[in-house]
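**Student:** Next comes the sequence, and after it the predicted model I'd like to discuss.
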Amino acid sequence: MSKPQGWQLDRASYPFGHLTETRFADLDLLGHINNVSMAGLFEHGRGMFNHAIEVERRAPGQRWLIVKVEINYLAESFFPAPVDIASGIGRVGTSSWDIASAAFQNGKCVATCMTTIVLTNDHGPSPIPQDLRDEFERLRAKSA
């Protein structure tokens, strides 16, 4: 597990957030949100972020694929308090980018997530178009 950097623990570092309800079904036998449910909360937050930045726009034949997800669990989280999944763009490469996310509950960072996505077509990786690059720059996480 890589240790999160200081900026990742600060809600103000992220330009986008989505408040998500926790469910009783998310609890494990110890009474806190289980790892699989936290991964699902990050997935939902990432989906809302992608929808908000219209990452769905792409040329015919292009698609984006998740190639890596790394989650660091920092503290226990509990039902019924909602979780704020905060997100921003991290690294941007030629055909791939990272979405940096963090889960905040009651003002405390309880987990971080880094997701690497690659834009592809039928022949392999595809360069990120300039309009999407511009959107990524606008939504960069601070200090990412």
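**Tutor:** Received the coordinates, thanks.
**Student:** Mind listing what's buried along the longest helix belonging to the chain?
**Tutor:** Counting by DSSP state H, the longest helix found in the chain is helix 35-52. Residues of helix 35-52 classed as buried by neighbour count (16 or more other C-beta atoms under 10 Å): 37-38, 41-43, 45-46, 48-50. Every residue, glycine included, has its C-beta placed from N, CA and C.
**Student:** Mind giving me the packing neighbours of the helix or strand just after it?
**Tutor:** Once the chain leaves helix 35-52, the next helix or strand it forms, by DSSP states H and E, is strand 63-73. If you count contacts as 3 or more C-beta pairs under 8 Å, 6 or more residues apart in numbering; DSSP states H and E, strand 63-73 packs onto helix 35-52, strand 108-121.
**Student:** and residue 89, what are its bridge partners?
**Tutor:** Beta bridges link residue 89 to residue 99, residue 140 when assigned by DSSP bridges.
**Student:** give the contact list for the spatially most central residue of the chain.
**Tutor:** By C-alpha atoms, centre = their mean, the mean C-alpha position of the chain lies nearest to residue 101, the distance being 3.9 Å. Counting by C-beta atoms under 8 Å, 6 or more residues apart in numbering, residue 101 touches 14, 42, 45-46, 49, 85-88, 112-115.
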